[in-house]
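**Student:** What follows is a protein structure lacking sequence information:
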């Protein structure tokens, strides 16, 4: 399996055409739980796309240790870093999600896997 990008064969492939809205979630997971977490994350992200209005697709990336980010450097090599991109149909769909569902989604399985959401951001392809 490639360590650059991991995508479930069940996840539709999307393009990043101009105007595409991406909701990005960056995670750090204890290295010893990374494979179990990744298995769970594939199922979880697919479910989010199926049930959250306006969520079109998702893709999961495993990233190397983010060197140069001083706020993560104290983790050493104890963590594995992952990024999830959700493609969203519209800004209003994203706003609705952030207002009504994001808080509960953010805590899903957090205690079990001891992961930390290191950042979230919205990207728009230009």
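**Tutor:** On my side now, so go ahead. Computed from a predicted model, the values in this text were never measured in an experiment.

**Student:** Which residue is the nearest non-sequential neighbour of residue 63?
**Tutor:** residue 81 (4.6 Å; C-beta to C-beta, 6 or more residues apart in numbering). Every residue, glycine included, has its C-beta placed from N, CA and C.

**Student:** For this structure, which segments count as strands?
**Tutor:** For the chain, the strands defined by DSSP state E cover 21-30, 55-63, 79-88, 116-124.

**Student:** Next up, the contacts around residue 124.
**Tutor:** 19, 20, 21, 22 (C-beta atoms under 8 Å, 6 or more residues apart in numbering).

**Student:** Just grab the bridge partners of the last one for me.
**Tutor:** The partner list for residue 22 in beta bridges (DSSP bridges) reads residue 87, residue 123.

**Student:** One more: the one 4 residues further on?
**Tutor:** Note on residue 26: beta-bridge partners by DSSP bridges are residue 83, residue 119.

**Student:** wait, it sits on residue 120?
**Tutor:** Yes - checked against C-beta atoms under 8 Å, the pair residue 26 and residue 120 is within contact range at 7.3 Å.
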